[in-house]
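pasting the sequence and the predicted model now:
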Amino acid sequence: MAESRKATYTSAVKIARLISMLSQAWRPMSLEQITNILGVSPRTLARYRKALNEHLSSPDGSDFVKVIREGGKECWYLSDQEDINSANGFRIISVFVAKTLLRFLEGTVIKDNLDNIWNIVTGQLPPSKKKQLEYFDRKIRYTGFGAKQYEEKDIILASVLRGLLHQNKMEIAYISGAASKTKKRIIHPYTLLLHRDALYLDAYDESNKDIRTFLIDRVEEAKVLKETYRYPKDYNPETLTDGSFGVFDSRGKTPFTVKVAFKAYLWDYITTRKWHPTQRFKPVDNGWFIMEVDISHTTEFIPWILAFGKEAKIIEPEHLRNDIIKELKQAFENYQP
């Protein structure tokens, strides 16, 4: 009898721990996680869940402990967690964050479909849960400072997405940045790239027989052709910009190490962000700290450094120091009477 009571008491404690764990979890817990923590078998855990669902239920009459599959794994969560602060709620928040970050695509097929997903997801919520979505546009906000606007490029963007999805060749009318002339090109779209709130398209250009990066807002026309192309298995978009400090093609250029000194108070701002895959930092010394990067293209790097004004300075290489000095002199001349 004593052993039976002990077993019952142990089970009760573990069931209480199960409820406590699930109620505090910010997302569904996998069956593997729960069994490891409680030290029970999946079969025993299934009995606990059955007992809880037989004696407890949610206000709508559904199971108290619910099961879903995430990443191929069975996961558990409590029915009263189906609100904006729970596992399912995090999915709703994720969609809203995506909507917010892509606000600069307002009026395009991407943003329209994201809005449709949001309406579908939130439309299934009961009125009591929908109330939690009030003021969401104030609770989660993105400034979109300097973001481009793509409403007028909706048809072009839709064509690009079709070309990417079905691997169709495309004919585009593109304005060259240097000559400001429109030229028609046959391309194989490879990658739609989002960089600093602007859209680019990495594509194979048949006329140049090489991969080129096209700025979407310079595409005047885009036509999806019937002819398809084979997406190259060995293509990796990251190799196009490995040596760049941004999106400019750095292939064929030899990288060099840049050393930049920043004022000490910028340590957290600089070191907690990913500016480049090769970035390295050396601790503060005499009020400055050092950042090192290996790049081969400085088109975007120079404006980035200049934005820090007197709080940053190039240590090496010498040729980059000279380029910075030249830029500063030209800027100074712009303010002369």
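Yes, it's here. Numbers count the residues shown, from 1 in each chain.

can you give me the helices for this protein?
In the chain, the helices defined using DSSP state H lie at 2-24, 31-38, 42-55, 87-101, 109-123, 127-130, 136-139, 154-166, 238-241, 267-271, 301-306, 318-334.

report the angle between the axes of the third one and helix 31-38?
Helix 42-55 runs at 90 degrees relative to helix 31-38, counting by axes from the mean of the first three to the mean of the last three Cα atoms, to 10 degrees.

V219: which of the helices of the chain is closest?
helix 154-166 (5.3 Å; Cβ to Cβ). Where you see a C-beta, it was placed from the backbone N, CA and C, and this is true even at glycine.

who touches the closest one?
Residues external to helix 154-166 that are found in contact with it (Cβ atoms under 8 Å, 6 or more residues apart in numbering): 105, 107-110, 150, 168-170, 189-190, 192, 199, 201, 216, 219, 221-224, 228.

weed out the non-buried ones from the residues you listed.
105, 108-110, 150, 168-170, 189-190, 192, 199, 201, 216, 219, 222, 224 (16 or more other Cβ atoms under 10 Å).

just the ones of those in strands?
N168, K169, M170, P189, Y190, L192, L199, L201, V219, A222, V224 (DSSP state E).

which pLDDT value belongs to the last one?
With respect to pLDDT, V224 scores 95.

which residues touch the residue lying closest to E70 once chain neighbours are set aside?
Of all residues not flanking E70 in the chain, P28 sits nearest, at 6.1 Å (Cβ to Cβ, 6 or more residues apart in numbering). Contacts for P28 (Cβ under 8 Å, 6+ apart) come out as I68, E70, C75, W76, Y77, A87.

could you dump those residues into a markdown table and include pLDDT, neighbour count and distance to E292?
Written out in a markdown table, the entries for the contacts of P28 read as follows (pLDDT from 0 to 100; neighbours: other Cβ atoms under 10 Å; distance: Cβ to Cβ, whole Å):
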| residue | pLDDT | neighbour count | distance to E292 |
| --- | --- | --- | --- |
| I68 | 86 | 12 | 46 |
| E70 | 79 | 13 | 40 |
| C75 | 89 | 20 | 43 |
| W76 | 88 | 21 | 47 |
| Y77 | 84 | 21 | 46 |
| A87 | 46 | 21 | 42 |
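
now, the residues you listed that are in strands?
Members of these lying in strands (criterion: DSSP E): I68, E70, C75, W76, Y77.

roughly how far does the fourth one sit from V65?
Using Cβ to Cβ, to the nearest Å, we find W76 at a distance of 6 Å from V65.

any residues in contact with both of those two?
L22, R49.

start and end of stretch 119-131, how far apart?
Distance between the boundary residues of stretch 119-131 (Cα to Cα, to the nearest Å) amounts to 14 Å.

equivalent analysis for stretch 101-108, please.
End to end - Cα to Cα - stretch 101-108 spans 14 Å.

got the domain boundaries for the chain?
2-81, 88-139, 151-235, 256-334 (automatic domain parsing).
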